[in-house]
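# Whatever this is, show me its structure:
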Amino acid sequence: QVQLAESGGGLVEPGGSLTLTCAASGRTLGSYHMGWFRQVPGKEREIVAGISSGGGTIYYGNFVKGRFAISRDNAENTVDLQMNSLNLDDTAIYYCAADGNWLRLQGGTPNYWGQGTQVVVSS
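From the prediction side, this is the model:
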């Protein structure tokens, strides 16, 4: 079993940037496909980005439009989400997730979740 902990959220102005980091413990991240999801209260959780266990396959939600980049460092057991050109609609709680099954991750039902980190985009 893997435990996930997100960090890096906070308040940022529109057009600004943030980098979220997901740190894993319990098992090596290299065993899992990883993803970032986000949720706004009252709305369904949506996938932001996913990256395969070896890093060779990456998926982004349609709304990303080239603004975000997901990366992983299996040696450090971390997954990052670099977010640029943030706008008001990016305000949400961002969650890190892991699963050994790529389709389950991409489908939004991964087995392992972090507690989330709040991102607020506001002027």
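# The closest residue in space to Arg45 that isn't next to it in sequence: how many residues sit nearby?
Distances taken as C-beta to C-beta, 6 or more residues apart in numbering place Gln39 nearest to Arg45, at 4.1 Å, with adjacent residues excluded. From N, CA and C alone the C-beta is placed, and that goes for glycine too. Using other C-beta atoms under 10 Å, the number of residues around Gln39 comes to 14.
# So Gln39 is in contact with Thr91, correct?
No: if you go by C-beta atoms under 8 Å, Gln39 and Thr91 don't touch, sitting 10.8 Å apart.
# if we can go back for a sec, now the residue nearest to Arg45, what are its backbone angles?
Gln39 adopts backbone torsions of phi -150, psi 130, taken as degrees, to the nearest 10.
# How much space separates it from Gly100?
Note on Gln39: its distance to Gly100, by C-beta to C-beta, to the nearest Å, is 23 Å.
# just Gly30 next, same as before
Applying C-beta to C-beta to Gly30 and Gly100 gives a distance of 11 Å.
# which SSE is the residue minimising distance to the centre of the chain in?
Centroid-nearest residue in the chain: Trp36, 2.0 Å away (criterion: C-alpha atoms, centre = their mean). Counting by DSSP states H and E, the element that carries Trp36 is strand 33-39.
# Go ahead and name everything in contact with that strand.
For strand 33-39, contacts defined as C-beta atoms under 8 Å, 6 or more residues apart in numbering pick out 20, 22, 45-53, 70, 72, 79, 81, 90, 92-102, 105-106, 108, 110, 116, 119.
# Check stretch 56-63 too.
Glu46, Ile47, Val48, Ala49, Gly50, Ile51, Ser52, Phe68, Ile70, Asp89, Trp102, Gln106.
# let's go with 6 Å and repeat that
Contacts with stretch 56-63, where a contact means C-beta atoms under 6 Å, 6 or more residues apart in numbering, come from Glu46, Ile47, Val48, Ala49, Gly50, Ile51.
# Same question for stretch 15-31.
Against stretch 15-31 from outside (C-beta under 6 Å, 6+ apart): 1-8, 12, 53, 74, 77-84, 86, 94, 96.
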